[in-house]
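Sequence plus the predicted model coming up.
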Amino acid sequence: MGSYFDLDDILAEEEPVGVQFRVAAAGVGILDPSAEENQVEVGSKVELPFWLAQELWYSQAVSLKLPNFYNERIRKEVKADPGCVDLRSRCPYFYELGCKLVPLAQDATLGSFLMFSLRGRYRDLLCKSHTAAGTVTPKFLARLTREETRLFEAGAESMKAFRKWRLEGTRLEKAPVLGKKRRPTSDTPENT
Amino acid sequence: MFGRKGAQLCVELLHTEEDQLSRFNNDLFEQVLNETSEHFEQLEARLTKMHEEGLDAQTTKNADFYGGLTHHTSILRNKRCLLAYIYHRAQTVQRLRWQLGAVLPDDIQSKLSYSEKNYFKQYSDSLGVYMSSIDLDLSVDLSPPKDPYIQVKVLENVGNVYLDDQSTSLLRNSIHLIKRSEAEPLISQVRLLCL
């Protein structure tokens, strides 16, 4: 999967996953809000970020529960009309996280479900990215996951580059970092 | 705790548009470092406890072992977040050298951390040494030219400069036909506009 420095890969692993502890773990009481002592007891159910859940799963300390955006209800929604489901609000890393969960989960249908969703949404996405170039379509974009947004942008970019090439646009450009309106330098850090 | 802050650093990078640069987030960076040391102390405490009980950390799998494992994983996770943050900024700093030349404008300077400034300087020096050793300015003609001369409009007073071995005064709003290779760095700095 992604490289060590890949930001999207890092953030996909930050998504919470529900786990149940099969063993006790001392000194990590902060993980379980209901813990009375500084310890997680056997059988307690907590939500951990994926990177931690994965590591503990490998050493057989926890059992995993699939996040609920992979459950039957969502699957039915996707089957009815893949393009209309708002996947971003469920999980912006729907596909990435799903791929990482496939080897860990007992659910054998997860992989094919992910494939089905992407395939169902892809054609619509590509079509819109080619025709809607230039004008914004926020309503549609708000439903896309990170991966899909990138696909959409790539489609729109390539259409733009094609038009520029056909009209022989200018080739010398200013440095993009100066492109924004220069703000007066102040000491407050920029909120980005 | 447990990597939340490290992920925040990465989110910040991701929300900064590509080719833009935000200020080095020293505050959050420090917090992640402190958190990592805290994890390390906790890990050490677990290991010492197991040692005192005469248990072998390699084979025993008790509560202390799993607690330690959690902290250990958290340390690795924080390390990954911090390195990714530095790495991506370093890439941007490298790009700046190609886009803006050897001297950075003040507002961009102020966004870099001390070591990033150093990095920029050393990168710029190495590139300079290399370019002078092959006697070729690599930072011009990034896209292949069609005509050696181009017409430009001056956006910002530059003053008298030597272009093509003769003195030319680039006054605001005047229009010149000059060599492309000489115009390119000035266009990149938004001082000239290509017509």
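Thanks, I have the structure now.

quick one: the strands in chain A?
Taking DSSP state E as the test, the strands found in chain A are A:16-21, A:25-26, A:39-40, A:45-49, A:62-65.

Going by neighbour count, which residues of the first one are buried?
Taking 16 or more other CB atoms under 10 Å in any protein chain shown as the basis for neighbour counts, the residues of strand A:16-21 that come out buried are A:17-19, A:21. The C-beta positions use only the backbone N, C-alpha and C, and glycine is treated the same way.

So which of those residues is the closest to B:Gln31?
The nearest member of the buried residues of strand A:16-21 to B:Gln31, counting by CB to CB, is A:Val17 at 24.6 Å.

Would you mind giving the domain segments of chain A?
A:1-65, A:68-168 (automatic domain parsing).

Of these, which is nearest B:Thr73?
Using CB to CB, the domains of chain A put domain A:1-65 closest to B:Thr73, at 4.4 Å.

any idea how far the closest one is from the chain center?
Averaged C-alpha coordinates place domain A:1-65 at 18 Å from its chain's average position (CA atoms, centre = their mean, to the nearest Å).

follow-up on the earlier one: of all the strands of chain A, which one is nearest chain B?
Of all the strands of chain A, strand A:25-26 sits nearest to chain B, with 3.8 Å by CB to the nearest CB.

What pairs with that closest one, parallel or antiparallel?
Strand pairing for strand A:25-26, determined by DSSP bridges: strand A:39-40 (antiparallel).

B:Arg23 in helix, strand or coil?
coil (DSSP: H, G, I helix; E, B strand; the rest coil).

Tell me if I'm right that it and B:Lys111 touch.
Yes. Using CB atoms under 8 Å, B:Arg23 makes contact with B:Lys111 at a distance of 4.6 Å.

tell me the domain ranges of chain B?
Listed domain ranges for chain B are B:4-134, B:149-194 (source: automatic domain parsing).

and the shortest one, anywhere near chain A?
This points to domain B:149-194. Yes. Domain B:149-194 lies within reach of chain A by CB under 8 Å from any CB of the partner chain, at B:150, B:180, B:183-184, B:187-190, B:194.

among the strands of chain A, which is nearest B:Met131?
Distance to B:Met131, taken as CB to CB, is lowest for strand A:45-49 among the strands of chain A, at 45.8 Å.

Look up the closest residue to B:Glu116, ignoring the ones flanking it.
B:Val93 (5.6 Å; CB to CB, 6 or more residues apart in numbering or on different chains).

State the distance from that neighbour to B:Gln109.
11 Å (CB to CB, to the nearest Å).

And these two? Which one has more around it.
Taking other CB atoms under 10 Å in any protein chain shown, B:Val93 and B:Gln109 do not tie; B:Val93 has more neighbours (20 against 13).

Taking strand A:45-49 as reference, get the angle to the helix or strand where that one lies.
Element membership of B:Val93, judged by DSSP states H and E, is helix B:63-100. For helix B:63-100 against strand A:45-49, the angle by axes from the mean of the first three to the mean of the last three CA atoms, to 10 degrees is 30 degrees.

can you pull the buried residues of whatever helix or strand comes next after helix B:63-100?
On the C-terminal side of helix B:63-100, the closest following helix or strand by DSSP H and E is helix B:106-109. Residues B:Ile108 are the ones in helix B:106-109 that count as buried (16+ other CB under 10 Å).

how much distance is there from helix B:106-109 to the middle of the chain?
Here helix B:106-109 is found 13 Å from its chain centre; the criterion is CA atoms, centre = their mean.

What's the first helix or strand after that helix?
Next helix or strand after helix B:106-109 toward the C-terminus (DSSP H and E): helix B:114-134.

Show me what that following helix is packed up against.
Counting contacts by 3 or more CB pairs under 8 Å, 6 or more residues apart in numbering or on different chains; DSSP states H and E, helix B:114-134 is packed against helix B:63-100.

What confidence value was assigned to the residue nearest to A:Phe69 when sequence neighbours are not counted?
Counting by CB to CB, 6+ apart, A:Arg90 is the residue found nearest to A:Phe69 once chain neighbours are left out, at 3.8 Å. A:Arg90 is assigned 86 on the pLDDT scale.

quick one: contacts for A:Pro49?
A:Pro49 sits next to A:13-17, B:2-3, B:7 when contact means CB atoms under 8 Å, 6 or more residues apart in numbering or on different chains.

10 Å instead?
Residues near A:Pro49 by CB atoms under 10 Å, 6 or more residues apart in numbering or on different chains: A:13-17, B:2-4, B:7, B:73-74, B:77.

Let me have these in CSV, adding distance to B:Gln42 as columns.
Formatted as CSV, the contacts of A:Pro49 follow (distance: CB to CB, whole Å):
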residue, distance to B:Gln42
A:Glu13, 21
A:Glu14, 21
A:Glu15, 24
A:Pro16, 22
A:Val17, 22
B:Phe2, 11
B:Gly3, 14
B:Arg4, 16
B:Ala7, 20
B:Thr73, 12
B:Ser74, 9
B:Arg77, 14
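
Counting neighbours, which of those residues end up buried?
So, by 16+ other CB under 10 Å, the buried ones in the contacts of A:Pro49 are A:13-15, A:17, B:2-3, B:7, B:73-74, B:77.

re the thing from before, next step: the residues of domain B:149-194 next to chain A restricted to strands.
Using DSSP E, the subset of the residues of domain B:149-194 next to chain A located in strands is B:150, B:194.

And the residues of domain B:149-194 next to chain A, which two are furthest apart?
Spanning the widest gap among the residues of domain B:149-194 next to chain A are B:Arg180 and B:Val190, at 17.0 Å by CB to CB.

How about residue 83: what's its closest non-neighbour residue?
All of this is about chain A. A:Asp124 (4.5 Å).

My question was about chain B, not that one.
A:Phe5 (6.8 Å).

ok, now B:Asn173?
Using CB to CB, 6+ apart, the nearest residue to B:Asn173 is B:Val154, at 6.4 Å.

Can you report phi and psi for the one you found?
Phi and psi for B:Val154, reported as degrees, to the nearest 10, are phi -90, psi 130.
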